[in-house]
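> return a 3D structure for these sequence lines:
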Amino acid sequence: MSWCWWNWRYGPTSWRPVRGEVCPVPDVEAKRAVKKGKDGDIIMIQIDYPMSKERIPEGVRKLGSEILEIEEVGTSEWNIYIKVKK
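Residues are numbered from 1 along each chain as shown. Here you go, the predicted model:
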């Protein structure tokens, strides 16, 4: 399933499409987005690398932000919704 703005559940303020990338690119991009974000921002990270589904939430929580949802959108494809907390 491809992304389209009307499928975005949380109305993200930004998104990072990192499908096709492997470790550490999705994890680094997610952390970079959280660090750049403002308090309350919602970031959607699009991934297809299974290990990132585990690693991104760990890194985000260490930065003090919140995982709202990990949405499976296809075979081995996920959207991770992050709420930035500063």
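> could you use CA atoms for every contact and neighbour count after this?
Noted.
> what about the helices in the chain?
Assigned by DSSP state H, the helices in the chain fall at 25-36, 50-62.
> buried ones in the last one?
The one in question is helix 50-62. 52, 53, 56, 57, 59, 60 (16 or more other C-alpha atoms under 10 Å).
> so it versus helix 25-36, what angle?
Interaxial angle, helix 50-62 versus helix 25-36 (axes from the mean of the first three to the mean of the last three C-alpha atoms, to 10 degrees): 20 degrees.
> can you list contacts of helix 50-62?
For helix 50-62, contacts defined as C-alpha atoms under 8 Å, 6 or more residues apart in numbering pick out 23, 26-27, 30-31, 34, 47, 66-67, 70, 76, 78, 80, 82.
> which two from these end up farthest apart in space?
Farthest pair in the contacts of helix 50-62 (C-alpha to C-alpha) is 34 and 76. Separation: 23.4 Å.
> looking at the two, which is more packed in?
The neighbour comparison of residue 34 against residue 76 (other C-alpha atoms under 10 Å) goes to residue 34, with 25 against 11.
> surely that one and residue 86 touch.
No: the pair residue 34 / residue 86 is not scored as a contact, 9.3 Å apart, by C-alpha atoms under 8 Å.
> what touches both of those two?
Taking C-alpha under 8 Å, 6+ apart as the contact rule, residue 34 and residue 86 both touch residue 65.
> partner strands of the biggest strand by length in the chain and their direction?
For the chain, the strand with the greatest residue count under DSSP state E is strand 66-74. Here strand 66-74 has these sheet partners by DSSP bridges: strand 77-83 (antiparallel).
> so which bits of the strand it pairs with are buried?
Neighbour-count burial for strand 77-83, counted by 16+ other C-alpha under 10 Å, picks out 77, 78, 79, 80, 81, 82, 83.
> what sits against the third one?
By C-alpha under 8 Å, 6+ apart, the contact set of residue 79 is 44, 45, 46, 47, 69, 70, 71, 72, 73.
> enumerate every residue touching the residue nearest to residue 83 when sequence neighbours are not counted.
Once flanking residues are discounted, residue 83 sits nearest to residue 42: 4.7 Å by C-alpha to C-alpha, 6 or more residues apart in numbering. Counting by C-alpha under 8 Å, 6+ apart, residue 42 touches 10, 11, 12, 13, 14, 81, 82, 83, 84.
> if anything else comes up later, I'll come back, but that's it for now.
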